[in-house]
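Undergrad: sharing a model prediction with you, sequence too.
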2 protein chains.
Amino acid sequence: MAAGNDHQDIKREKILEASYQRFLHYGYSKTTMNEIAGDLSMSKALLYYYFPDKSQLYIAVMRKLSNDYLKILEDNINTFTNLKDAFVFQIDIHHNFIVSNYNFFDFFRLNEQNLPDPIWEIVGQVHSAELNLLSNAVKTEVERGTIKPVDKPDELVDLLLDALHGIRVGAVSQKKTNFPRKEHLEEIHAKKLLLIDIFIKGLMY
Amino acid sequence: MAAGNDHQDIKREKILEASYQRFLHYGYSKTTMNEIAGDLSMSKALLYYYFPDKSQLYIAVMRKLSNDYLKILEDNINTFTNLKDAFVFQIDIHHNFIVSNYNFFDFFRLNEQNLPDPIWEIVGQVHSAELNLLSNAVKTEVERGTIKPVDKPDELVDLLLDALHGIRVGAVSQKKTNFPRKEHLEEIHAKKLLLIDIFIKGLMY
DNA sequence: TTTTGATAATTTTGTTAAAAAAGTCAGGAA
DNA sequence: TTCCTGACTTTTTTAACAAAATTATCAAAA
């Protein structure tokens, strides 16, 4: 029934929104199903009516976030006048995405290496979209004749994204943390912009 | 007394060698002082006569390894005809160092983030030496007029080393492991050489 | 000066009980 | 039939504490 599904969708949305707020503020492990239900003035059992379990609820929220991100990438594909703009764009929105959802990713910090498969799926999806946008920009730039021909744009962009990902901020000596602290994100962002500048020039004739 | 010190040094060496074998095979936490002493048919107390504690024993082994590495770096400082050779050299010997002591660093993989401070000290030392060699090469290259002037060579090299460090090999989808597996080291090595090529070109006029 | 057995001190591991949170279900309301 | 809940069960986390393993010390012997 259409009406029933509408209502269900609205309810699902409410749950996702409340869950997002909890996860964002307290992180995955310090958010309980009771608290989410409490925020919505509903019973915990109802959450289980709409979502099979806690982790899949988290994943649903994650998917909602990533969809916004993917949308931005899609909307901006092939809209850049040059390669550098494309990279700067990617770095900027990625930075923005991480900053505004920082605590939400406690889940990643916590589970480190053994994240549930659906999470990896989403991560892969996002990566593909970034790859797509950027390798498209590379191809365009090659056609314009500003940079040298690239035999495998995907592999090149993958390489550069890895390099960007490697940018960290070291503490006093060398204790570079695996996941950057929130207070380091701006510095990392600045460094990435510096790095991409070198990249682009390195690709030119 | 010279003779006494000689003997002491030999003994210390024996202990370091036996310890290295244990650490290499089982890692730090799964190696006991009793086992090391047993391998050498000496009492555990004697180990404490030569080394103040376990962690400093591990450090000593680590330092022995890193000293070889540092020596190579020192010996080759200012011996490069161009910047690229310097980077290729750094990437090569770093690769070689990791490959030949791969299992020794199980310790790093296992303890991940909470390594004892003195270990970080050595890591910092090695990093400084790499930084030194490479930023020297940058300065030389600038003087030769092949690349644009660099305001802060140290920061530039630090950035590039971070970028190189970011190079990983992804599995099927995106499950990139934090520490590269041994079978991926060659591929990573190749990718780094690719990347540094772009770097160098990006620094040129 | 070098070495050790005995022993003290500390850390890790294992056990268990209580508490907290996840997850289920029969049945009621809309 | 769909949506919802209170009461319930199961699983996970936490805390306390004892046992075991390991690090570290030291007086005394070689």
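TA: Nice, thanks for sending it over.
Undergrad: share the number of residues neighbouring the residue in chain A that chain B sits nearest to, please.
TA: In chain A, the residue that lies nearest chain B is residue A:166 (1.7 Å; C-beta to the nearest C-beta). Every residue, glycine included, has its C-beta placed from N, CA and C. Using other C-beta atoms under 10 Å in any protein chain shown, residue A:166 has 21 other residues around it.
Undergrad: list the contacts for it?
TA: Counting by C-beta atoms under 8 Å, 6 or more residues apart in numbering or on different chains, residue A:166 touches B:162-167.
Undergrad: out of those residues, who's nearest DNA strand C?
TA: Nearest to DNA strand C among the contacts of residue A:166: residue B:165, at 28.3 Å, using C-beta to the nearest atom of the strand.
Undergrad: quick check: chain neighbours aside, which residue is closest to the closest one?
TA: Nearest residue to residue B:165 in three dimensions, chain neighbours excluded: residue A:166, at 4.7 Å (C-beta to C-beta, 6 or more residues apart in numbering or on different chains).
Undergrad: among the contacts of residue A:166, which lie within helices?
TA: Of the positions in the contacts of residue A:166, B:162-165 sit in helices, assigned by DSSP state H.
Undergrad: can you tell me the helix or strand for residue A:194?
TA: Following DSSP states H and E, one finds residue A:194 within helix A:185-203.
Undergrad: what about that helix and chain B, touching?
TA: Yes - using C-beta under 8 Å from any C-beta of the partner chain, helix A:185-203 reaches chain B at A:191, A:194-195, A:197-203.
Undergrad: low-confidence stretches in chain A?
TA: Confidence mapping of chain A against pLDDT under 70 gives the ranges A:1-4, A:113, A:171-176.
Undergrad: and the residue of chain A found nearest DNA strand D, how far from residue A:51?
TA: Proximity of chain A to DNA strand D (C-beta to the nearest atom of the strand) peaks at residue A:45, 2.8 Å away. For residue A:45, the distance to residue A:51 equals 12 Å [C-beta to C-beta, to the nearest Å].
Undergrad: same deal with residue A:163?
TA: Counting by C-beta to C-beta, the gap from residue A:163 to residue A:51 is 38 Å.
Undergrad: quick one, which of these two is more surrounded?
TA: Using other C-beta under 10 Å, the more surrounded residue of residue A:163 and residue A:51 is residue A:163, with 27 against 21.
Undergrad: any idea which helix or strand carries residue A:9?
TA: Assessed by DSSP H and E, residue A:9 sits inside helix A:2-26.
Undergrad: OK, contacts around residue A:72?
TA: residue A:93.
Undergrad: up against DNA strand D, what does chain A have?
TA: With C-beta under 7 Å from any atom of the strand as the criterion, chain A meets DNA strand D at residues A:1, A:4-5, A:7-8, A:11, A:41-46, A:49.
Undergrad: show me the helices in chain A, by range?
TA: Under DSSP H, chain A gives helices at A:2-26, A:33-39, A:44-50, A:54-75, A:83-100, A:106-111, A:117-144, A:153-165, A:185-203.
Undergrad: got the ones you listed as CSV, with distance to residue B:143 columns?
TA: Shown next, in CSV, are these (distance: least, C-beta to C-beta, whole Å):
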stretch, distance to residue B:143
helix A:2-26, 52
helix A:33-39, 63
helix A:44-50, 67
helix A:54-75, 43
helix A:83-100, 29
helix A:106-111, 45
helix A:117-144, 33
helix A:153-165, 27
helix A:185-203, 20
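Undergrad: just give me the closest of the residues of chain A next to DNA strand D to residue B:22.
TA: For the residues of chain A next to DNA strand D, the minimum distance to residue B:22 (C-beta to C-beta) is 51.6 Å, reached by residue A:44.
Undergrad: ok, for the closest one, nearest residue in space, not its chain neighbours?
TA: Nearest one to residue A:44, counting by C-beta to C-beta, 6+ apart, is residue A:37 at 4.3 Å.
Undergrad: right, and the one you found touches residue A:43 too?
TA: Yes - at 5.9 Å, residue A:37 counts as touching residue A:43 under the criterion of C-beta atoms under 8 Å.
Undergrad: so which of the two has more stuff around it?
TA: Between residue A:37 and residue A:43, counting by other C-beta under 10 Å, residue A:37 is the more crowded of the two (18 against 12).
Undergrad: closest to residue A:62 out of the residues of chain A next to DNA strand D?
TA: When these are ranked by distance to residue A:62 (C-beta to C-beta), residue A:11 comes first, at 19.2 Å.
Undergrad: residue contacts, the closest one?
TA: The neighbours of residue A:11, taking C-beta under 8 Å, 6+ apart as the test, are residue A:50.
Undergrad: do the same with residue A:70
TA: Counting by C-beta under 8 Å, 6+ apart, residue A:70 touches A:125-126, A:129.
Undergrad: buried sites along stretch A:192-199?
TA: For stretch A:192-199, a neighbour-count test (16 or more other C-beta atoms under 10 Å in any protein chain shown) marks A:192-193, A:195-196, A:198-199 as buried.
Undergrad: stretch A:51-68 close to chain B?
TA: No - if you take C-beta under 8 Å from any C-beta as the test, stretch A:51-68 misses chain B, and the best it gets is 12.7 Å.
Undergrad: could you confirm whether that stretch reaches DNA strand C?
TA: Yes - part of stretch A:51-68 sits near DNA strand C under the criterion C-beta under 7 Å from any atom of the strand, namely A:52-55.
Undergrad: which of those residues lies closest to residue A:81?
TA: When the residues of stretch A:51-68 next to DNA strand C are compared for distance to residue A:81 (C-beta to C-beta), residue A:55 wins out at 42.8 Å.
Undergrad: shouldn't the closest one be in contact with residue A:116?
TA: Yes - assessed by C-beta under 8 Å, residue A:55 is found in contact with residue A:116 at 5.8 Å.
Undergrad: tell me the residues of chain A that contact DNA strand C?
TA: Residues of chain A lying close to DNA strand C (C-beta under 7 Å from any atom of the strand) are A:31-34, A:44-45, A:48, A:52-55.
Undergrad: again, 6 Å this time
TA: Neighbours of DNA strand C within chain A, by C-beta under 6 Å from any atom of the strand: A:32-34, A:44-45, A:48, A:53-54.
Undergrad: ok, now how distant is residue A:73 from residue B:165?
TA: Residue A:73 sits 26 Å away from residue B:165, taking C-beta to C-beta as the criterion.
Undergrad: could you check which of these two has the larger neighbour count?
TA: Comparing residue A:73 with residue B:165 by other C-beta under 10 Å, the one with more neighbours is residue A:73, at 21 against 17.
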